[in-house]
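**Q** using only what follows, build the 3D model:
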Amino acid sequence: MSRVFFLSANVAAEPHPVYPLGMAAVAASLAARGHRVTQHDHLAEGRSPEALAAAVAAADPEVVCLSLRNLDNVDALSPDGGWTLDGARRLVQVIRGATGAPVIVGGPAFSLLPEEILDYLGADHGVIGEGEEAAPALVEALAAGRSAPRLARGRRPVDGAELPTPLLDPKLVAYYLREAGMVGLQTKRGCPHACTYCTYPVLEGRCFRPRPPGAVADDVERLGRDFGVTSFFFTDSVFNDDEGHAVAVAEELLRRELAVRWCAYFRPAGLGPAEVALFRRAGLYAAELGTDAASDAVLDALGKGFGFDEVVAAHRALVDARVPCAHFVMFGGPGETEATVAEGLSNLAALDHAVVFAYAGIRLLPGTALARRAEAEGVLAPGASLLRPAYYHAPGVDPGALAETLRAGFRGRRDRIFPPEEGQKRLDVMRRFGFQGLLWDHLVTYDAPRARSRG
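**A** Next up, the predicted model:
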């Protein structure tokens, strides 16, 4: 069996540090096959190349696996786009200086542009998509001296019932509990929705693959027992679903009387008072809504499958249940005009007792309908590389003027976050005062009358 060194390259701590769950899942698959696994987190180690070199040397690996979570920070106003690959390439160089072992790259960011990223980083092999099957096969081929593909992928998506319990490292759990106050868990993979900008269907498939609710509750219970974890973020692309899996997970948490608190990403459509009440009893304490646009015209052009009235209905259900909610909204998408921007700001003004995170422009990603539309509209040159950040702004919408309009529209509102880096400054202040977790939920107040209709 092989000695395998895992490295999570992610160093982004915005809006809060996120446990490297993908690395832990693939590490679990390798450990289950008898391989000796070491996990290292560059963020948890203070972004120190010296600490990485020392850890690699101590592990004396036969294979190194590098996990890439993000290409950039998807903020069009960020000076360098928060691009991560220069940092990842430096990590590969550090690894090369500490060991002659082959380097395998994987993770969601890598899977978007595998050949380009592998060439840019100078690594040896890559795993496209889920790594639970492909990574062990590649490691074992290398160990046996067999011919190993430069790029490997699993033969099939992992069935939800087969998704492994992540192999969590006690040192890393302690770090994320200290810095973020919570740990992530996944209840399912995949996404059946057709949002034109989104890569989840590309990365995880176009249908939900749910884990058994009992297995999810087992993980929650085990993490509480073994690590003292009582707060979780369910990292599914969308937590609520039409098949009732999210309801079954909540009911299982209630049945076991697990005293935990959790938050998740939600789709506004179909999120009504009954569902919110159940989730709240099961421990829901905050909800992040993929609202994505603030006018019906742009929602339709983004393929969201719901209108702003449904956003308002979900918002009201959460506010009435005193569950803090955050809306994530992108301006400048397809169909955006000066009129829809004004309409969107008016619509958002009706969402009292909530936080709104706004973005100007939408990051273009490979394999998405929005990238194809951008080429057709001349926003993106045909065949242009998307390795470095490129953004969609609707033709006729001036990015600079849009940003100024959003700044003016949100001025004086502590619960309206734009530009993103300004919001991060606010959250950093809260962190320095000892707050943990999502942080934005502390910006929600219920001390003023709530608007009941769209403006």
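
**Q** low-confidence ranges in the stretch 201-350 of the chain?
**A** Judged against pLDDT under 70, the stretch 201-350 of the chain has no low-scoring part.

**Q** where exactly do the helices run in it?
**A** 213-227, 245-255, 273-281, 296-301, 308-320, 338-349 (DSSP state H, counting those that start in this stretch).

**Q** could I get those helices in JSON lines, plus columns for distance to D441?
**A** Every C-beta, even on glycine, is put in place using the N, C-alpha and C of the backbone. Below are these laid out as JSON lines (distance: least, C-beta to C-beta, whole Å):
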{"stretch": "helix 213-227", "distance to D441": "20"}
{"stretch": "helix 245-255", "distance to D441": "19"}
{"stretch": "helix 273-281", "distance to D441": "14"}
{"stretch": "helix 296-301", "distance to D441": "25"}
{"stretch": "helix 308-320", "distance to D441": "11"}
{"stretch": "helix 338-349", "distance to D441": "18"}
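
**Q** how about those in TSV, adding mean neighbour count?
**A** Output for the helices of the stretch 201-350 of the chain, formatted as TSV (neighbours: other C-beta atoms under 10 Å):
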stretch	mean neighbour count
helix 213-227	17
helix 245-255	20
helix 273-281	17
helix 296-301	20
helix 308-320	20
helix 338-349	19
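
**Q** test my guess that L112 contacts L364.
**A** No: using C-beta atoms under 8 Å, L112 makes no contact with L364, being 11.0 Å away.

**Q** any common contacting residues for the two?
**A** With contacts taken as C-beta atoms under 8 Å, 6 or more residues apart in numbering, L112 and L364 have L386 as neighbours in common.

**Q** how about stretch 131-149: buried residues?
**A** 131-140, 142-143, 148 (16 or more other C-beta atoms under 10 Å).

**Q** list just the one of the helices of the stretch 201-350 of the chain that sits closest to T445.
**A** Closest of the helices of the stretch 201-350 of the chain to T445 is helix 308-320, at 11.1 Å (criterion: C-beta to C-beta).

**Q** so G184 is in which element?
**A** Secondary structure from DSSP states H and E places G184 in strand 183-185.

**Q** how about V26, what does it touch?
**A** Per C-beta under 8 Å, 6+ apart, neighbours of V26: 6, 65, 67, 106, 131-132, 135.

**Q** and it, what's its pLDDT?
**A** pLDDT recorded at V26 is 97.

**Q** cool, L427 as well?
**A** On the pLDDT scale, L427 gets 77.

**Q** also G46?
**A** Reported pLDDT for G46: 94.

**Q** what's the answer for E133, then?
**A** 95.

**Q** the one 3 residues further on now?
**A** The model reports P136 with a pLDDT of 97.

**Q** is it true that it touches A31?
**A** No: counting by C-beta under 8 Å, P136 stays clear of A31, with 9.8 Å between them.

**Q** what are the contacting residues of stretch 391-400?
**A** 76, 197, 332-338, 341, 360-364, 370, 373-374, 377-380, 402.

**Q** just the buried residues from those residues, in ChimeraX please.
**A** Listed next is the ChimeraX selection for buried residues among the contacts of stretch 391-400, using 16+ other C-beta under 10 Å:
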select :76,197,332,333,334,336,341,360,361,362,363,364,370,373,374,379,380,402
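
**Q** wait, V74 sits on A360?
**A** No: with contact defined as C-beta under 8 Å, V74 does not reach A360; the gap is 11.2 Å.
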